[in-house]
Structure formats: structure tokens, C-alpha cells
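Chemist: Build the 3D model from these lines:
(one chain, ligands or ions: 4)
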Amino acid sequence: MAKMVFGGVTEDVVTRDEFPLEKAREVLKDEVVAVLGYGVQGPAQSLNMRDNGIHVIIGQEPSDKFYWDKAVKDGWVPGETLFSLEEAAARGTIIQYLVSDAAQMMVWDRLKPHLTTGKALYFSHGFGIVYKDQTGIIPPADIDVILVAPKGSGTSVRANFLSGSGINSSYAVHQDYTGRAEERTLAVGIAVGSGYLFPTTFENEVYSDLTGERGVLMGALAGVMEAQYETLRRHGHSPSEAFNETVEELTQSLIRLVAANGMDWMYANCSTTAQRGALDWAPRFKAAVEPTFEQLYQSVLSGEETRVVLAANSAPDYREKLGEELRVMRESEMWQTGAAVRSLRPENWNK
Ligand SMILES: NC(=O)C1=CN([C@@H]2O[C@H](COP(=O)(O)OP(=O)(O)OC[C@H]3O[C@@H](n4cnc5c(N)ncnc54)[C@H](O)[C@@H]3O)[C@@H](O)[C@H]2O)C=CC1
Ligand SMILES: CC(=O)[C@](C)(O)C(=O)O
Ligand SMILES: [Mg+2]
Ligand SMILES: [Mg+2]
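Modeler: Ligands and ions are numbered 1, 2, ... in the order given. The predicted structure follows:
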């Protein structure tokens, strides 16, 4: 493992230099990787591995037509490379458990008989294992239990792979029965197209992931954008002005500068007027939201967040319900304005 200094703190990392794809292929040459679930991560990880020359098969609940058909469309062949969950689990030696977190709990009793000696059970989230009191997921002692968690949407895991980039992933070994658990983990981590890999534990992965997505990455982002948009609208600004000043300028300009070279670089490329004001207001926003982040972290630790997820997403109509809430978001004035603004981007204009 390479050492890398992150802001003065030395950490271990695994890069593609140390663990080249060739080595991953060698480690996985006698393995059949069964990817169970064809939602968001399933397609990305399986297609990247297939393109990287790994022996991959898919397990998908056939009655979930939407996902089954998507797998067929992506070139997986029923009876050859596409099977029911049980059939794929029986054939696989590394079993990637990539059905939804709630489904992992519901499918567990059907999967367990196929977790025979020496196999590896793979997760992309610490959820099922860490909250075992809620999920009932307690693997047998004679298998490896491993994790590679891409820090991005599966959509980007695939898109970045195709464009020659990658998405960074954390990795962890929960149980090493074969003595090969770590090399299996790293081999799969490289084969699914990770940028670099950094070590974690199942606990730290799930605590940070649930915090991040509820916080800055999704929940806080949506909340803070809405708050600013609505403030501008209350004061008589047009939808176009409020949206440009809240979202479009961020996604088309400023966040790209942050991605390229960090926050100070983005600041340095804005006016000195903006710099002065943003430097003064940043601590005020930080102070306002820090207690909310602490509440969130406590809610993750206590198991409240996972309890809510498991209750909601094990309902038979969970997808329709989520879809309905996303529809309300999509049809709000703010995001309808967004659609109109996007249509006016030069590359979209008159399409
Ligand atoms: N969505 C993403 O990009 C990311 C997901 N993860 C983790 O990866 C894992 C998979 O997540 P997603 O790809 O988002 O999955 P998803 O939520 O899109 O799951 C869809 C899959 O679950 C299956 N499924 C749902 N309910 C079922 C049931 N009752 N019985 C049998 N199968 C059922 C569907 O048939 C489909 O194959 C999770 O542990 C998640 O936390 C980690 C990083 C990012
Ligand atoms: C994309 C990702 O890593 C998330 C936001 O944590 C998730 O989809 O669960
Ligand atoms: Mg995540
Ligand atoms: Mg997540």
C-alpha cells in the first residue's frame, strides 16, 4: 500500500500503479463474480468488470421486469449470463450483493444457502452488516465478507470508466476466512473501475455515507438551494434570475472551478467583492448548520436513519412512492425553471 499525505495526515491508499488491472485479472482468474441486483451500482460495476475481462454473471429477480429488461438490453443473456438471484448466487464464487439495502434484508434467507465455504460476500455499503440487529444479515463464519464502496453514483462509475477516468472507492474486510479476502477485495475494486482505493471499516463507511448523502451531497444541497431560491423569489426576483443565481451559475461555472483546483481557486476567480462577502458569510452558514449535522450524525449512529429506510423501502410500492416525491420536486417552480434554463444552454438550444 502506498502512503499519501492528506492535509498533513498520512493515510494508506491503493492506486492502479500498485494494483494494476493485470494483477486484478490474475487474482480473479478462477472466480465467477455474481452481481445480484441490476439497479444503479449493479449495471455499472458489472459492465466495467465485463469490459475489463472478468467472468461476470448477473442475478436479478425476474418478476422485477424493469431491471430484468435493462439487463437484457445491456447484453446479458438469460440462462447464460443472466439468472434468478438464487441461480446466480449458486454459480458465483464472489457474490456482489447489490440489490437495494432494504431488499438485502428481504432476500437474505434465500441467499444464505448459497454462501458455501470459501465464497466471498461483497457489499458496496456497510448498511446490512453494521445494522444487523435490524437487517438480520449475519453471514456464515466460513466465507469472506468484503466491501468496495464507490463514492459516486453508479451512473458516474460507468460514465467515468468509459471516459478513461474513475470514481474513488473505500474498501474493507469484515471477515477473512480464506486468507485471500484483501486481495479479492482490491482486485474487484480495481476491476470495477475505481480511481484510487482507501481503507475503511464497514462502520465508518456506512456512518460517513449516510451522513454525506443526507448532508452536503444531497439533502443539505437541495435544502440550501431551495432556501436561497425562495428568498430571492419572495423579494420579487424572477424565476430565471433566482435560478441562475442559485443553481445554474454553480453547476456551469463555480463548482467546476472547485473541482479543478479547490475552493480558494474558485474564490480567486471571482470578484474581490464576492471574495470579501463570501469569506465573511461562510462562518455564519457553518455555525447555522453545524448543529444540524451533529443531529444527523447522531441519528445515523442510533440506527434511526436505517430504521426509516428499511420501513419505507420494504413496502411493495416503495418505488412509486419515491417516484411521486421526485415528481413533486421536478414539477416545482424552481426545477421547472431549471428545465427551461437548461433548454436555453447553447448546446441545447433549438434541439
Ligand atoms: N445508487 C448508487 O449509485 C450507490 C449505491 N450504493 C449501494 O449499492 C447497493 C445497491 O444500491 P443501488 O444500485 O442503488 O440499488 P437500487 O436501489 O437501485 O436497487 C434495485 C435492485 O434491487 C432489487 N430489489 C428491490 N426490491 C427487491 C425485493 N423486494 N426483492 C428482490 N430484489 C429487489 C431490484 O430488482 C433491483 O435489482 C446498496 O447497498 C447501496 O447503498 C453504494 C454507492 C452508490
Ligand atoms: C451515490 C452514493 O454514493 C450515495 C449518494 O451514497 C448513494 O446513492 O447511496
Ligand atoms: Mg455514497
Ligand atoms: Mg449511500
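
Chemist: List the residues that contact the nearest residue to residue 51 once chain neighbours are set aside.
Modeler: Nearest non-adjacent residue to residue 51, counting by C-beta to C-beta, 6 or more residues apart in numbering: residue 161, 7.4 Å away. (C-beta placed from N, C-alpha, C; glycine too.) Shown in contact with residue 161 (C-beta atoms under 8 Å, 6 or more residues apart in numbering): 44, 48, 51, 193.

Chemist: which is the next helix or strand following the longest helix seen in the chain?
Modeler: Longest helix of the chain, by residue count under DSSP state H: helix 272-301. Per DSSP states H and E, the first helix or strand lying C-terminal to helix 272-301 is helix 304-313.

Chemist: Pull up the residues of this structure that are close to ligand 4.
Modeler: 209, 213 (C-beta under 5 Å from the ion).

Chemist: switch the cut-off to 8 Å
Modeler: The chain has residues 125, 209-210, 212-213 near ligand 4, with proximity defined as C-beta under 8 Å from the ion.

Chemist: quick check, nearest of the residues you listed to residue 183?
Modeler: Nearest to residue 183 out of the residues of the chain next to ligand 4 is residue 125 (C-beta to C-beta; 21.5 Å).

Chemist: as a whole number, average confidence for the host helix or strand of residue 211?
Modeler: Per DSSP H and E, residue 211 falls inside helix 202-214. Mean per-residue pLDDT for helix 202-214: 98.

Chemist: Residue 23: neighbour count?
Modeler: Counted with other C-beta atoms under 10 Å, residues neighbouring residue 23 total 15.

Chemist: Assign the closest residue to it other than its chain neighbours to helix, strand or coil.
Modeler: Nearest residue to residue 23, sequence neighbours excluded (C-beta to C-beta, 6+ apart): residue 187, at 7.1 Å. Assigned state for residue 187: helix (three-state reduction, DSSP: H, G, I helix; E, B strand; the rest coil).

Chemist: Next up, the contacts around residue 187.
Modeler: Counting by C-beta under 8 Å, 6+ apart, residue 187 makes contact with 19, 23-24, 27-28.

Chemist: Including distance to residue 271, could those residues go into TSV?
Modeler: Putting these into TSV (distance: C-beta to C-beta, whole Å) gives the following:
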residue	distance to residue 271
19	45
23	50
24	48
27	53
28	53
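
Chemist: now the angle from the longest helix of the chain to helix 304-313?
Modeler: Between the axes of helix 272-301 and helix 304-313, defined by axes from the mean of the first three to the mean of the last three C-alpha atoms, to 10 degrees, the angle is 80 degrees.

Chemist: could you dump the lengthiest strand in the chain to PDB, C-alpha only?
Modeler: Identified as the longest strand of the chain according to DSSP state E is strand 167-175. Extracted C-alpha coordinates of strand 167-175, given in PDB (Å, rounded to 0.1, in the frame of the first residue of the first chain):
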ATOM      1  CA  ILE A 167     -14.600   7.100  -9.200                       C
ATOM      2  CA  ASN A 168     -12.700   6.600  -5.900                       C
ATOM      3  CA  SER A 169     -13.900   3.800  -3.600                       C
ATOM      4  CA  SER A 170     -13.400   2.800   0.000                       C
ATOM      5  CA  TYR A 171     -12.700  -0.800   0.800                       C
ATOM      6  CA  ALA A 172     -12.900  -3.000   3.900                       C
ATOM      7  CA  VAL A 173     -12.700  -6.600   5.000                       C
ATOM      8  CA  HIS A 174     -15.200  -7.600   7.700                       C
ATOM      9  CA  GLN A 175     -14.300 -11.300   7.700                       C
END
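
Chemist: Kindly provide the distance from the residue nearest to residue 51 to residue 212.
Modeler: Distance, residue 161 to residue 212, by C-beta to C-beta, to the nearest Å: 22 Å.

Chemist: same thing with residue 251?
Modeler: Residue 251 sits 19 Å away from residue 212, going by C-beta to C-beta.

Chemist: Could you do residue 202 as well?
Modeler: Distance, residue 202 to residue 212, by C-beta to C-beta: 16 Å.

Chemist: one step back: name the member of the contacts of residue 161 with the most neighbours.
Modeler: Top of these by neighbour number is residue 44, holding 27 neighbours under the definition other C-beta under 10 Å.

Chemist: ok, it - contacts?
Modeler: By C-beta under 8 Å, 6+ apart, the residues touching residue 44 are 150, 154-155, 157-158, 161, 192-193.

Chemist: Between those residues, which sits nearest residue 176?
Modeler: Residue 176 lies nearest to residue 192 out of the contacts of residue 44, by C-beta to C-beta, at 20.1 Å.

Chemist: Where does this structure get nearest to ligand 1, which residue?
Modeler: Distance from ligand 1 to each residue of the chain (C-beta to the nearest ligand atom) is smallest for residue 39, at 2.1 Å.
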